[in-house]
Each structure stands twice: as C-alpha cells, then as structure tokens.
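[1] Here is my input; please provide its structure:
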Amino acid sequence: MDLYLDRPGGKVRDGVMEAIRDAIRSGRLVPGVQLPSSRALAADLGVARNTVARAYAELIAEGWLTSQHGSGTQVAQRAAQVVRSVASSPKPRTPRQLDHDFRPGHPDLSSFPRTEWSRAVKRALNVAPFEAFGYADPHGRPELRTALAEYLARARGVRARPGNIIICSGAAEGLNLVAGALAAAGVAAVAVEAFGLRAQRASLVRAQLRCPPLTVDSRGADVMALDGMADVGCVLLTPSHQFPLGVPLHSDRRAAVVDWARRTGGLIIEDDYDGEFRYDRAPVGALQGIDPEHVIYMGTASKSLAPGLRLGWLVLPDRLVHAVAQQRGEREETSSFVDQLAMAEFIVSGSYDRHIRTMRAQYQRRREQLVAAVAKSSQKTTVAGMPAGLHVMLELADADESQLCHQRAWRRLGVEGLDLFRHPEAGRERNGLVVGFAAPAPSAWSAALDALIGLLP
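    Residues are numbered from 1 along each chain as shown. Here you go, the predicted structure:
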C-alpha cells in the first residue's frame, strides 16, 4: 500500500491512522479495497503489530474501514461519502495578494514589539492570581482596567475609574455591546458621520437602530443638525481625527454636541481609534473628558499595537456599565486573560508609551514623505485632512475614483475609494482615494511609495 506515515508528537498509532485516512480522502484507497493484514503492514512500516491492529480497530469504529471474520479489513463503502463531501466542499478563500499594502487602518505589523511583549507576558503570568485562570469577568481583568484608567487620563484626558471600563475583543465587539444596550434602553436612532466605516453602521442596524447621516465638512461633523432629528438619542463620532476625511471636530462643534447631549439626555459614542497619533502638535484631548456622563469612549490597541491581540475598551457613564456588561451575557467573548494581563504590564512598565513614541515618529516621517511626493508628482491630487492618524485622503481633481480602484494596478496596492465609506444617503460631491501609509514594513516603504506615486493621475 502507498501510505505516507507521519508521527505527530511521536504517537505512531495516530500517524498510521492519519496516513490511512489521507489515502482514502485522496482516492489512493477506494471503497472495497483490501488492506494488508496488521502483521504485514506492521512489517512494511517498521512498527509494532499491536499498533497497526489498534489503528485498524479505531478506524473501523470511526467508519473508515470495515472488517468481517475470514475476509480481512477493507475500506468501508461509506467512506466514499466522506471523499465526495471533501471533494465538493468549497475551497477556502485565500486573502488577496497585494504588491504593497495601502489599506487604511492597518498598522505596521513588522514593528510589533515582540521582545517587550514577551517580557510583559512572562512577568504578568509570574504574578497572575489563580482566579485569573478561571471563567472570565464580563468587565475584563481588573489589572488592565486599572492600568487603562491611569493611562487614558494621562494620555487622552479621559476621566474614568476602573469600574467604568469594560474590556472587549476590539472596537467591533465594543460597538456591538453598546448598540445592544442602546436598543434595549429604547433608543431608536444613532446619527453617524456621512463618511465612516460600513461595519459600524451594520453593527447599529443589526441592533434595529436607524443611522441618519451628518454632513462632514472642514470643521468635522455638522452636529448642529442633531436638533432637527427628533428620534435620535445618540451620535457616533470620530472627533479627534475623522475617518476617512481626516479633519478634527472643531472646538465650537465639540461644545455644541456636548450641550445637545446634556439638553436632550442623549449620548455620544466617541471612537478614538488613532487618537495618539497627532504629528504637528500634542493630540487633542478626548471628548469624554468634557462630560463623562454623556460620552461613551471607545478605544483599541489595534492601531497602536496589532489587531491580532483583540484588545479594546469602553469607558462608560455610570448608568450604562451594567447594561453594557449584560449584553455580553455568558458568551465570554472578552480577550484572553493572558493578553489582558500582559497589556496591563505593558502599560504600567512604560513600554506602551515608548512604543507609541517610536511609531509616532515613524508614521510622521512616512506621512511627510507621502505628502511631499504627491505635491511634487501630481498637480491633480491634493492631500486632505490634518497631519494625524494612519491614513490620508487624496482628493482627485479630475480622475474618477471608481475607475481607478477597478484598475488592476490600484487593486494590487490595496487603495480604497472614498465611495466605500460613504453613507447611502450622503451626497457625492467629493471624489478621492483613502490611502493607509502605516502597513508597509520599513524595508518596503520606499518601493511602496514609488509604486503609489507612479499611479497617480
């Protein structure tokens, strides 16, 4: 028999079983074919006869083989159903291969601080209490909530006690929890910016919440329009750096939206997804610091560290903490306790601050190089927005973004058109490309920038 024997973890029997399964799946062993005796196969493979006998017995129990006294061991007829099922199952989708990665919202994963993070994991596990290994607290580990309360106050001007913080597995889960709590509280609609993430609107819609759009101009979202939206009980904003247009919410509008929330009893969801990355001055403080009882602050380590960590956090008004935690129920979708403890250690030790400073300098250089290259190479393209974040919006004077984004060369760069982020009810006056400049590794940045500039109209 043509068998390829693998021995995972030194377990010979498992290797024999998997080799036979693989031979059946691939069609090398068809239903009805006679297998060698356990003695003969054991001799061929150089293993003990009892090992093969036990492997045959387990495969018979699983339905791969069949055996009758006097007729030996055969491949079972029912195994054909398994083979057909495997053959007809859809192939897994492979991720799109990019020449260079300019997708917005993607950080430089090659700069993840592996050594410092490994040390944080080791230190955290060495002092972790026994109860940390048990079932998860729906609010998250107290060590991380305490560390975040101090860090967010210092770095973003957030006012919160550890008890107001809930750890989630990223911004997407955080918004899902908030949306469920708002719907349960009777909120009918959440206003959103006319340009933003489709996934966020979808999350609100799944909770049966309407999402009317707010126009976005050079001063940010037009929050004055909220007074004319009678059924809106909440608004979702990116005030520090609007995504994807790149403008900050003007101070007058920051004050106006807080006044609206106080006057109506409404709520503000502040998505501070890249608030630490401001390059021309110190970052503007979080809106939450003005009125913690009317602002839900939403943050994540996805842009500052890596999305694969699945670490995010909500800073909630007192009245919402229990309601949002209840939305999680018994699903326990919160991040691994190891990552939570490591993140707490990473913050407390100062490693997080050092990493932010390093990446801020790197991303600032990239943005400056990108802006200079666009200005030098294309008179029909301008960079919109302030110097902040991990992306820029390139406004196109003449070119059609939809045509550009469908060209193979542009698709190979991962650049996305502004229309992808447009609210269905928003106007179509603006035309542009949303370019993330953070993802390429430092060694690939120069070639990536040349490729991008070479395609500009």
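
[2] contacting residues for the most centrally placed residue in the chain?
    By Cα atoms, centre = their mean, the chain has its centre lying nearest to residue 307, at 4.7 Å. Contact partners of residue 307, counting by Cβ atoms under 8 Å, 6 or more residues apart in numbering, are 106, 107, 170. In short, each C-beta sits where N, CA and C put it, glycine included.

[3] can you list those in a markdown table and add neighbour count?
    Putting those into a markdown table (neighbours: other Cβ atoms under 10 Å) gives the following:
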| residue | neighbour count |
| --- | --- |
| 106 | 20 |
| 107 | 22 |
| 170 | 20 |
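
[4] What about those, which are in strands?
    Judged by DSSP state E, the contacts of residue 307 include no members of strands.

[5] what about stretch 151-159, average pLDDT?
    Computed over stretch 151-159, the mean pLDDT rounds to 94.

[6] in it, what's buried?
    Within stretch 151-159, the residues scored as buried using 16 or more other Cβ atoms under 10 Å are 151, 152, 155, 156, 157, 158, 159.

[7] For the closest residue to residue 311 other than its chain neighbours, report the pLDDT, please.
    Spatially, and ignoring its direct neighbours in sequence, residue 311 is nearest to residue 301 (4.3 Å; Cβ to Cβ, 6 or more residues apart in numbering). Per-residue confidence (pLDDT) for residue 301: 95.

[8] Now do the same contact list for residue 301.
    Counting by Cβ under 8 Å, 6+ apart, residue 301 has contacts 309, 311, 312, 343.

[9] farthest-separated two in the residues you listed?
    Between any two of the contacts of residue 301, the greatest separation by Cβ to Cβ is 10.7 Å, found for 312 and 343.

[10] Worst mean pLDDT across the helices and strands of the chain, which element?
    Least confident helix or strand of the chain, by mean pLDDT, DSSP states H and E, is helix 79-88 with a mean of 63.

[11] buried sites along whichever helix or strand comes after that one?
    Heading C-terminal from helix 79-88, the first helix or strand you meet, by DSSP states H and E, is helix 114-127. Within helix 114-127, the residues that count as buried by 16+ other Cβ under 10 Å are 116, 117, 119, 120, 121, 123, 124.

[12] same question, stretch 400-412
    401, 404, 405, 410, 412.

[13] who's in contact with that stretch?
    Counting by Cβ under 8 Å, 6+ apart, 96-100, 396, 415-419, 431-433, 455, 457 sit against stretch 400-412.

[14] Grab the longest helix from this protein for me.
    Using DSSP state H, we find that the single longest helix of the chain is helix 351-377.

[15] quick one: the strands in the stretch 201-350 of the chain?
    213-214, 216-217, 220-221, 232-237, 267-271, 295-300, 312-315 (DSSP state E, counting those that start in this stretch).

[16] Can you list the strands that the fifth one pairs with?
    Its sheet considered, strand 267-271 pairs with strand 232-237 (parallel), strand 295-300 (parallel) by DSSP bridges.

[17] Please point out which parts of the first one sit buried.
    Spelled out, that is strand 232-237. 232, 233, 234, 235, 236, 237.

[18] OK, contacts around the last one?
    So that's residue 237. Contacts of residue 237 (Cβ under 8 Å, 6+ apart): 193, 220, 221, 223, 249, 257, 268, 269, 270, 271, 287.

[19] So the fourth one sits against residue 232, correct?
    No. Using Cβ atoms under 8 Å, residue 223 makes no contact with residue 232, being 10.8 Å away.

[20] Residue 293 and residue 258, how far apart?
    For residue 293, the distance to residue 258 equals 10 Å [Cβ to Cβ, to the nearest Å].

[21] Comparing these two, which residue is more hemmed in?
    residue 258 (18 against 14; other Cβ atoms under 10 Å).

[22] That one contacts residue 289, doesn't it?
    No. Contact criterion Cβ under 8 Å: residue 258 and residue 289 do not qualify, at 10.4 Å.

[23] Can you pull out the low-pLDDT segments for this protein?
    Along the chain, the model assigns pLDDT under 70 to residues 1-10, 82-96, 329-333.

[24] make it 80
    1-11, 26-27, 68-71, 78-96, 283, 329-334, 398-400, 402, 408, 428-429 (pLDDT under 80).

[25] okay, which residue of it is out on the far edge from center?
    residue 70 (58.8 Å).

[26] any idea whether that one is helix, strand or coil?
    coil (DSSP: H, G, I helix; E, B strand; the rest coil).

[27] What is the longest helix of the chain packed up against?
    Applying 3 or more Cβ pairs under 8 Å, 6 or more residues apart in numbering; DSSP states H and E, we find helix 351-377 packed against helix 114-127, helix 142-156, strand 381-384, strand 391-396, helix 445-455.

[28] Let me see the contact set for the spatially closest residue to residue 35 that is not a sequence neighbour.
    Of all residues not flanking residue 35 in the chain, residue 73 sits nearest, at 4.6 Å (Cβ to Cβ, 6+ apart). Residues in contact with residue 73, defined by Cβ under 8 Å, 6+ apart, are 34, 35, 37, 38, 56, 60, 65, 66, 67.

[29] Filter these down to just the ones in strands.
    65, 66, 67.

[30] which one of those is nearest residue 186?
    Taking these together and measuring to residue 186 by Cβ to Cβ, the closest member is residue 65, at 60.7 Å.
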